[in-house]
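A.B. asks: Fold the stuff below for me.
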Amino acid sequence: MQNQNLIEQAAEALRAFALNEEAKERFCTDPLLQPFMQRVAQRYVAGSTVDDVLRRVAEMAARGHRASAEYMGESVHDEGFANSETEVFLQLAGALARQGADCSISFDLSHVGAAVDPELGYRNALRIARAAEGREVMVSMENHERADLIYDIYRRLHEEAGMHHVGITVPARRHRSEQDLPAMMKLPGRIRLVKGAFHEGPEVSHPRNSPELAAAYRRHAQTLLRSGHLCSIATHDRAIQGELAEMIRNEGLDPARYEFESLDGLGTEQIDGLRAQGFPTREYAVFGTEHFLYVLNRISEEPVRVYQALIDLLRP
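C.D. replies: Sure thing, here's the model as predicted:
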């Protein structure tokens, strides 16, 4: 019990540190620290450029998986930079079209201007959605203070712009998802159900690795799957994957309406196994240099990965 408490404290400390903007700036730009951060990040990140992620997407396709690509970044507070970052997503959309890849595009609204001005975030999200018409676009979830803004912009993309190929990420951890999930199911976009790697208190979210979170995830996933709403079951929890796979088989659910999703570099054997059983699958690849938050969140999900990070860091 004492060891488990220490593990959970370490995971929460990592999540809190991941939100430290000064630390992110140092680790991602300091010429002394940057090489060490890059060594740790290589396990979780496809590379730094559009070409890098295209290669990873092709590798995923060769293993029978759909893909999702995200250019990493969040919490942009400058309009010009938000607009220039949006251009990278437009380049990504064009490159995926030329490659003919079965790959969706994912992004944080705060990366493309929503933290500067909600209207700027909406305009740039609309630019990405229009550039990617013909393939899915997924809006990621961020910290709980931004949830209302994210859901509002998502509604506008559907109700005002008719961008029905745009989907949304809903975290099972958050108590408010009991109300948010049914509301999002009224819109046609795919719902990506995640547990949620956020640094949030018990008044906002279920504790990570708690029975309450596992129960909430199962409940929300069953609701989505049985409804026939487009959904991605995005978890590496083997027990949950197995239970939902059995339910899908027993109830004969339409494979065109759901998919199992895994993060690139995590749960590879699991997602390959699900694909071998005939389930539709997707792998999620990220690229770019703003990988501080993403990498620390991945490590915090399984604190034993700290040892792997040390191996990666110290390997000659």
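
A.B. asks: Please verify my assumption that V53 contacts A285.
C.D. replies: Yes. Between V53 and A285 there is a contact under CB atoms under 8 Å: 5.5 Å. Glycine gets a C-beta too; all of them are placed from N, C-alpha and C.

A.B. asks: Now do the helix or strand hosting E85: which elements does it pack against?
C.D. replies: For E85, the host element (DSSP states H and E) is helix 79-99. In terms of contacts (3 or more CB pairs under 8 Å, 6 or more residues apart in numbering; DSSP states H and E), helix 79-99 is packed against helix 50-62, strand 66-71, strand 103-107, helix 118-131.

A.B. asks: Could you check the longest one and say which residues are buried?
C.D. replies: Buried residues in helix 118-131, counting neighbours by 16 or more other CB atoms under 10 Å, are found at P118, L120, G121, Y122, R123, N124, A125, L126, R127, I128, A129, A131.

A.B. asks: now swap in stretch 51-63 and tell me
C.D. replies: V53, L54, R56, V57, M60, A61.

A.B. asks: Please apply the same query to stretch 194-203.
C.D. replies: Along stretch 194-203, these residues count as buried under the neighbour rule (16+ other CB under 10 Å): V194, K195, G196, A197, F198, H199, E200.

A.B. asks: which of the residues you listed sit farthest apart?
C.D. replies: Spatially, the most separated pair among the buried residues of stretch 194-203 is V194 and H199, at 15.0 Å (CB to CB).

A.B. asks: Okay, now the unreliable bits of the protein?
C.D. replies: Counting by pLDDT under 70, the chain shows low-confidence ranges at 1-30, 32-43, 290-316.

A.B. asks: Going by residue numbers, what spans are helices in this protein?
C.D. replies: With DSSP state H as the criterion, the chain has helices at 2-18, 21-29, 34-41, 50-62, 79-99, 118-131, 147-159, 177-184, 211-227, 238-251, 268-276, 292-301, 305-314.

A.B. asks: Distance to T268 added to the buried residues of stretch 194-203, as TSV?
C.D. replies: Compiled in TSV, those are given as follows (distance: CB to CB, whole Å):
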residue	distance to T268
V194	18
K195	19
G196	22
A197	19
F198	24
H199	27
E200	28
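
A.B. asks: that older thread, make CSV from the helices and strands packed on helix 79-99 and add distance to E243 to it.
C.D. replies: Formatted as CSV, the helices and strands packed on helix 79-99 follow (distance: least, CB to CB, whole Å):
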stretch, distance to E243
helix 50-62, 25
strand 66-71, 23
strand 103-107, 26
helix 118-131, 34
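
A.B. asks: between these, which one is nearest to G252?
C.D. replies: Per CB to CB, nearest to G252 of those: strand 66-71, 21.7 Å.

A.B. asks: Put the alpha carbons of that closest one into CSV.
C.D. replies: Taking C-alpha atoms only, strand 66-71 is exported to CSV below (Å, rounded to 0.1, in the frame of the first residue of the first chain):
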residue,chain,number,x,y,z
ARG,A,66,-5.9,3.5,-39.4
ALA,A,67,-3.9,6.4,-38.0
SER,A,68,-4.4,9.8,-36.4
ALA,A,69,-1.7,12.5,-36.6
GLU,A,70,-1.3,15.4,-34.2
TYR,A,71,1.1,18.3,-34.5
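
A.B. asks: angle of that strand against helix 79-99?
C.D. replies: Counting by axes from the mean of the first three to the mean of the last three CA atoms, to 10 degrees, strand 66-71 points 150 degrees away from the direction of helix 79-99.

A.B. asks: Could you report the neighbour count for M185?
C.D. replies: 17 (other CB atoms under 10 Å).

A.B. asks: Can you give me the distance of it to L224?
C.D. replies: 7 Å (CB to CB, to the nearest Å).

A.B. asks: joint contacts of the two?
C.D. replies: Between them, M185 and L224 share these contacting residues under CB atoms under 8 Å, 6 or more residues apart in numbering: I191.

A.B. asks: In this structure L274 contacts I248, no?
C.D. replies: No. With contacts counted by CB under 8 Å, L274 stays clear of I248, the gap being 10.3 Å.

A.B. asks: Looking at these two, which is more packed in?
C.D. replies: For L274 versus I248, neighbours defined as other CB under 10 Å are more numerous around L274 (23 against 19).
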